[in-house]
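*Asks:* would you be able to build a 3D model of this:
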Amino acid sequence: MIDKTITLIRHGKTSGNYEKRYVGITDEQMTMEGEREIHIRKYPEADIVFSSPLVRCVRTAKIIYPGKDIILIDDLRETDFGLFEGKNYKELSGNPDYQAWIDGGGVDAFPGGESREDASKRSLRGFYSLIQQAADYTNISVICHGGTIMAILSQLFGGDYYSYHIENSEGFTFDLSSDGVYSGLHPRSFLR
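*Replies:* Numbering: from 1, shown residues only. Reported below is the predicted structural model:
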């Protein structure tokens, strides 16, 4: 395996992002404003590009890397928020299931959905899959979701899951040495 630079990019904004909704498995389109925010940024070159299969990620990948083949990895999809899907904290206020989830520190399974642990294991499985597929490439870009990024980075680098929160259209870059060591993690603003 050759040394690699990996960039994880969160997809452009959807209407649910603007409204602070739990948008996980809902295949929501990016907004025109979300697309505009991508166009005013400069992203790193990539030898190979991976994406979650959800349309907001695929569209983001096609805008950033036109003409590149986009390799879809199903395990990079966002968390299944179950009964909270499509709702925001205002709509869930007073819901005893939501309050119990908050009181539990957000680690329990969403009612009817995934737990953070299960989503993290799935996301990491997807990440390791793309690393294997990119064995002969140096610069790897991955377009995925906020929860996916937090899951991958907290597993690879330790620390609090939420410390890896990143805004839409932004991301993190880090290195992978040929002997399997991850290093050099830093958040990225891609604004020109």
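*Asks:* what's the burial count for residue 110?
*Replies:* 22 (other CB atoms under 10 Å). For every residue, glycine as well, the C-beta is placed using N, CA and C.
*Asks:* that one: what secondary structure?
*Replies:* coil (DSSP: H, G, I helix; E, B strand; the rest coil).
*Asks:* name all residues that make contact with it.
*Replies:* For residue 110, the contact set (CB atoms under 8 Å, 6 or more residues apart in numbering) comprises 22, 79, 80, 81, 82, 83, 84, 101.
*Asks:* what's the helix or strand for the third one?
*Replies:* When elements are defined using DSSP states H and E, residue 80 is found to belong to no helix and no strand.
*Asks:* that one - how many residues pack around it?
*Replies:* Neighbours around residue 80, by other CB under 10 Å: 20.
*Asks:* show the contacting residues for it.
*Replies:* Residue 80 is in contact with 24, 25, 110, 113, 114, 119, counting by CB under 8 Å, 6+ apart.
*Asks:* residue 121 versus that one, what's the distance?
*Replies:* Distance, residue 80 to residue 121, by CB to CB, to the nearest Å: 13 Å.
*Asks:* what does the fourth one give?
*Replies:* Using CB to CB, one obtains 17 Å as the distance from residue 81 to residue 121.
*Asks:* the more surrounded of these two?
*Replies:* Each of residue 81 and residue 121 has its neighbours counted (other CB under 10 Å); residue 81 has more, 23 against 15.
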